[in-house]
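Asks: can't give you the sequence, but here's the structure:
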């Protein structure tokens, strides 16, 4: 049975946002080189989205960002934080997150995406996917305790719900790893459901819905070209090589079945954001046409209320 999400009551029904990754890559800077914040926001609005996630091409001064967003009548959905709680204390992490969390808070975001960047292989996105560094089992519970305390503080100090991003090459990639971590965390630690990263890690995103529906507070709608995924896994590609090879794409262009997610959205009471996201070369996937097609797909197949 699907449980109702714990996302705070009083929030609006699910809204549809888009990640700037369709315009500019956050790691591979040559992808989308020359793209501007104004172009990204204007085209996001033109494609029919209600909000965007943060990007390196956006200003980091709260007032300047707010002005840009308001010009296109867009909301700031959330923003990724490079977390290092596998290595840092809670106090150190709170110091590191202050400017970022303040920017999100002052621009109306209610969720912060947390990506664990500690305990990774050197140049982790440029080593084969099978060479990922694993977090020892005896370190999971201490890490979960720090993550829980950080999540509590983030909510108390900034009004931000932590959305933990399971992610290729990071400490929680596989279903058993996600299960072990979340089972050791306090209820305040939310889950970002990423359909693409689940599929690429070798399990169905529906298993996260079945086991952790009550933690899901943010959703990334990322599709996977399954033939490219097989090629990536068998040839020993790196994460960045997989991106360049077109493994990821927008919903409707890959092989993921979104019908179970549509059922979850319709019946769970989910009130967070859904965010169209794809890491691919904008020279091969022109952003406006690509995200417009994705918006229409989501409106038709996942959340008709966005039509």
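Replies: Sure thing, it's come through. Not measured: the values here are computed from a predicted model.
Asks: Which parts of the stretch 51-200 of the chain are helices?
Replies: Here the stretch 51-200 of the chain has its helices, by DSSP state H, counting those that start in this stretch, at 62-71, 90-106, 140-158, 175-184, 195-201.
Asks: Check those helices for me and report the most buried one.
Replies: helix 195-201 (a mean of 24; mean count of other Cβ atoms under 10 Å). Every residue, glycine included, has its C-beta placed from N, CA and C.
Asks: which helices and strands sit right next to it?
Replies: In terms of contacts (3 or more Cβ pairs under 8 Å, 6 or more residues apart in numbering; DSSP states H and E), helix 195-201 is packed against strand 216-221, strand 223-224, helix 226-235.
Asks: Spatially, and excluding backbone neighbours, which residue is closest to residue 76.
Replies: Excluding its sequence neighbours, the residue lying closest to residue 76 (Cβ to Cβ, 6 or more residues apart in numbering) is residue 107, at 4.1 Å.
Asks: what about the closest residue to residue 48 other than its chain neighbours, how many neighbours?
Replies: Spatially, and ignoring its direct neighbours in sequence, residue 48 is nearest to residue 295 (4.6 Å; Cβ to Cβ, 6+ apart). Using other Cβ atoms under 10 Å, residue 295 has 23 other residues around it.
Asks: Any buried residues in the helix or strand hosting residue 295, and which?
Replies: Residue 295 belongs to helix 287-301 when assigned by DSSP states H and E. Across helix 287-301, burial judged by 16 or more other Cβ atoms under 10 Å covers 287, 288, 290, 291, 292, 293, 294, 295, 297, 298.
Asks: Looks to me like residue 274 is in a strand.
Replies: Yes: counting by DSSP: H, G, I helix; E, B strand; the rest coil, residue 274 falls inside a strand.
Asks: Just confirm it contacts residue 298, I think it does.
Replies: Yes: if you go by Cβ atoms under 8 Å, residue 274 and residue 298 touch, sitting 7.0 Å apart.
Asks: Spit out the residues that contact these two alike.
Replies: Taking Cβ atoms under 8 Å, 6 or more residues apart in numbering as the contact rule, residue 274 and residue 298 both touch 16, 221.
Asks: What pLDDT is listed against residue 271?
Replies: Looking at residue 271, its pLDDT is 89.
Asks: most centrally placed residue in the protein?
Replies: Geometric centre of the chain, nearest residue: residue 220, 5.0 Å, by Cα atoms, centre = their mean.
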